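1. Pasted the sequence and its predicted model underneath.
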Amino acid sequence: SVVSSFSAERLLVELQSIRKQLMRESGRLRIIQVALEIVRLRLNAQTASIFLFSKDGCLHRVGLEGFDLNGIQIESEWFKEEKYSVGESFTGRAAISQDDGFGKAQLSNDLSGEQLSSLSREKYQRKLGALNCAIAVPLNGQSKTFGVLDIINKMDSSTGKPMQSSGFTDQDIHWLSALGE
């Protein structure tokens, strides 16, 4: 339909613009930080994180952008030991290899019912004030998943607090998944 082709065209233009913006940056850490800021602002999320596979086969957090329950920016050193095995917690489930060899996006608008690492749940609840919703999408290379992009809590733009009655949409997960490809 005309609407979906317009949306697809708009998405491609937006993704190309983001790629160009990231290509202008230098250094891995700066690229990660800029990418996380773009994602967090675009989806109006409280936090955005990138996890990459390390030699130990686990996903280690390499970047974090977001604000705590008081609206104060979270330092990148906070919970720096955060890591997950494939299949562990919400983030690790996005890296489980499917039939095509790639991970699968995860969406939850009710994290209270999700099996999360107890350490992560406790640390994030204390830091963010609430764990309401999240999206985790695999970051895919040419032949495999090399990491996960994780966002937590859709924010209410009028109150500046995490939304409790609604969360991320299918459109949010589609946009984030397209970015992760």
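-> It's in. Numbering: from 1, shown residues only.
2. partner residues bridging the residue nearest to the spatial centre of the chain?
-> By Cα atoms, centre = their mean, the mean C-alpha position of the chain lies nearest to Asp150, the distance being 2.2 Å. Following DSSP bridges, Asp150 is listed with bridge partners Ser49, Ala136.
3. Could you list the low-pLDDT ranges of this protein?
-> Scanning the chain with the threshold set as pLDDT under 70 gives 1-6, 8, 11, 21-22, 25.
4. Please repeat the previous calculation with a cut-off of 90.
-> Scanning the chain for pLDDT under 90 picks out 1-34, 76, 99-101, 113, 140-144, 156-166, 170-171, 173-181.
5. I'd say the residue nearest to the centre of the chain and Phe51 touch.
-> Yes. Counting by Cβ atoms under 8 Å, Asp150 touches Phe51, with 6.5 Å between them. In short, each C-beta sits where N, CA and C put it, glycine included.
6. Common neighbours of these two, please.
-> Common neighbours of Asp150 and Phe51, counting by Cβ atoms under 8 Å, 6 or more residues apart in numbering, are Thr91.
7. For the residue nearest to the centre of the chain, give me its contacts.
-> Contacts of Asp150 by Cβ under 8 Å, 6+ apart are 48-51, 90-91, 94, 134-136.
8. Can you turn the buried part of these into a PyMOL selection?
-> In PyMOL syntax, the buried subset of the contacts of Asp150 is picked out as below (16 or more other Cβ atoms under 10 Å):
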select buried, resi 48+49+50+51+90+91+94+134+135+136
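9. quick check, nearest of the contacts of Asp150 to Arg28?
-> Proximity of the contacts of Asp150 to Arg28 (Cβ to Cβ) peaks at Ile50, which lies at 10.4 Å.
10. all helices for the protein, in order.
-> For the chain, applying DSSP state H gives helices covering 2-23, 28-43, 89-93, 118-128, 170-180.
11. ok, and for the second one, which residues are buried?
-> Using 16+ other Cβ under 10 Å as the burial criterion, the residues of helix 28-43 that qualify are 31-36, 38-40, 42-43.
12. Repeat that for the fourth one.
-> Of the residues in helix 118-128, 120-121, 124, 127-128 count as buried by neighbour count, 16+ other Cβ under 10 Å.
13. any idea how far Thr169 is from Ala94?
-> Thr169 sits at a distance of 18 Å from Ala94 (criterion: Cβ to Cβ, to the nearest Å).
14. Please read the previous query as pertaining to Ser76.
-> From Ser76 over to Ala94 the distance is 21 Å, taken as Cβ to Cβ.
15. swap in Ser118?
-> With the distance defined as Cβ to Cβ, Ser118 ends up 19 Å from Ala94.
16. Val34 now?
-> Val34 is 22 Å from Ala94, where distance means Cβ to Cβ.
17. Also Asp172?
-> Distance of Asp172 to Ala94, given as Cβ to Cβ: 15 Å.
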